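> I'd like to go over a predicted model; first the sequence, then the structure.
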Amino acid sequence: SFPGQFAGRMVFPLVREMAAAGAQVRVPVVAACRVLGFSTQGHYKWLKDPVCDRDRDDAEVLNVLHDLHQDDPTLGYRFLKDELEHEGTICSENRVHWLCRIGGLRASHAKKKGKTGKPGPPVHDDLLAFEDDRGRIRHRFTAKAPNQVWLTDITEHHTREGKLYLCAVKDLFSNRIVGHSIDSRMKSSLARAAIRNAITLRNPDGTICHSDRGSQFRSRKVVRLLKNNGLHGSMGRVGAAGDNASMESFYSLLQKNVLNTRTWDTRDQLRHAIVYWIEAKYNRKRRQRALGRLTPVEYETVHQQATMVA
C-alpha cells in the first residue's frame, strides 16, 4: 500500500470543506478524520503546510474516480482512465492506477488471490501431446485438413446486467470458428450447444475435440455427444495454459477487439457484438499470416478447390 501521508494530503482538503463554516452539513474535524481513517493531528499539520497544486489536482481526480466507480463497480483502472478522458480530464494510465490504489478502487470482478478449486480428473487422454528430445511435453497444434482437430474453451465477460459466457469451437486447420454458444450461465449445456452447432455445420468424422478439464467438458452429456457423433475427446493438463494455447489466442483477439472496447450495458448488446465479430469479421475479413494472409473462410475455399483439382 502507499504511505498514509500521500492519501492523507489528498483527503484533508475534503475534511477542510466538510468542517467549513459555510458547509451545508458541517462535520467536525475530529468526526471527519475518524470516519476517513486519518488522525486529527495529521490534518492540522497539513493545514500548516500548504498543499501543492499536484495534491489538489489528485484529490479532485480521485473524487471523480470515486463517482465513476460507484456508478459502475466493474470498471478497472484502465476503463476508469477512458471514462476520465470522456469527462474531459486527461491523466496517464500510471497516475490513474496510483490513485485507484490509494482510493481502494478495483474492479468488482477482479481475480482474487487465494486457493481455487482443482479441476477434476480427465475423462479423455491428451491426444495432441508428445514428448520432445528433452523429455518435455509439447503439443501439436497443426492439422492437414479441415475437421481433423477442433479446439474448444469457455470465456466470460461482464455487463451491467451480469456475466455472459461464450463457448467457441475452433477448427485448427483454418482457425475458423465453426461453432459457438452464448449464455448467462456456465453449464454443460453451454459446451454441448457449441459442439452440437459445429457438428451440424461441419458433419465431422473422427475429429479430435480438445479442451481443458473444466467440469462442462467432463460432463456425461458432453462425453456422450462426442461419442455418438464419432468425435474423439482430448484434454490437457491441469494448470497448463499452453495445452490449449491456440484457443487462448483467439480469445485474446476477442478481448481486444470486442470485449474491452467499451462497457456493455446489456447481455444482448454484447451477444450481438460477439456474434457479428466472429461471423462477419474474424471468419471472413481478418487475414492471418499463418494462413498466408488469407481469412479462415478463404483458406478453406482454396484448400477445397485444390482438393477438387487433385
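Perfect, thanks for sending it. Numbers count the residues shown, from 1 in each chain.

> Not counting residues beside it along the chain, what's closest to Arg286?
For Arg286, ignoring the flanking residues on the chain, the nearest one in space by C-beta to C-beta, 6 or more residues apart in numbering is Thr295 at 6.1 Å. Bear in mind the C-beta positions are built from the backbone N, C-alpha and C, glycine included.

> do Ile278 as well
Spatial nearest neighbour of Ile278, excluding adjacent residues (C-beta to C-beta, 6+ apart): Ile177 at 5.1 Å.

> Identify each buried residue in the longest helix belonging to the chain, please.
What stands out as the longest helix in the chain, according to DSSP state H, is helix 53-71. Neighbour-count burial for helix 53-71 flags 55, 58-59, 61-62, 64-65, 68-69 (criterion: 16 or more other C-beta atoms under 10 Å).

> Kindly report the same for stretch 262-271.
264, 267, 270-271.

> how much space between the closest residue to Ile137 other than its chain neighbours and Gly206?
Once flanking residues are discounted, Ile137 sits nearest to Ala129: 5.4 Å by C-beta to C-beta, 6+ apart. Going from Ala129 to Gly206 by C-beta to C-beta, to the nearest Å gives 18 Å.

> Can you classify Leu151 by secondary structure?
strand (DSSP: H, G, I helix; E, B strand; the rest coil).

> so who does it touch?
Shown in contact with Leu151 (C-beta atoms under 8 Å, 6 or more residues apart in numbering): 141, 169-170, 172, 210-211, 244, 246-247.

> Asn197 and Thr152: what is the separation?
In terms of C-beta to C-beta, Asn197 sits 11 Å off from Thr152.

> okay, those two: which has more neighbours?
Higher neighbour count among Asn197 and Thr152: Thr152, with 25 against 17, using other C-beta atoms under 10 Å.

> Grab the nearest non-local neighbour of Val123.
Arg218 (5.0 Å).

> I figured the one you found hits Ala191, correct?
No. Using C-beta atoms under 8 Å, Arg218 makes no contact with Ala191, being 9.6 Å away.

> Compare these two (neighbour count), which wins?
Neighbours were counted for Arg218 and for Ala191 using other C-beta under 10 Å; Ala191 has more, 27 against 21.

> Return the residues in contact with that one.
152, 154, 167, 181, 211, 214, 216-217, 219, 222.

> rerun at 10 Å
The contact partners of Ala191, taken as C-beta atoms under 10 Å, 6 or more residues apart in numbering, are 152-154, 165, 167, 169, 181, 211, 214-219, 221-222, 225.

> what pLDDT does Arg293 get?
Model confidence at Arg293, given as pLDDT, is 87.

> Phi and psi next, for it.
Dihedral pair for Arg293: phi 60, psi 30, per degrees, to the nearest 10.

> And Thr301, how close does it get to Asp183?
Thr301 sits at a distance of 31 Å from Asp183 (criterion: C-beta to C-beta).

> Could you do His124 as well?
Between His124 and Asp183 the distance is 23 Å, computed by C-beta to C-beta.

> Can you show me the strands along the stretch 1-150 of the chain?
In the stretch 1-150 of the chain, the segments counted as strands under DSSP state E, counting those that start in this stretch are 129-131, 137-139, 149-159.
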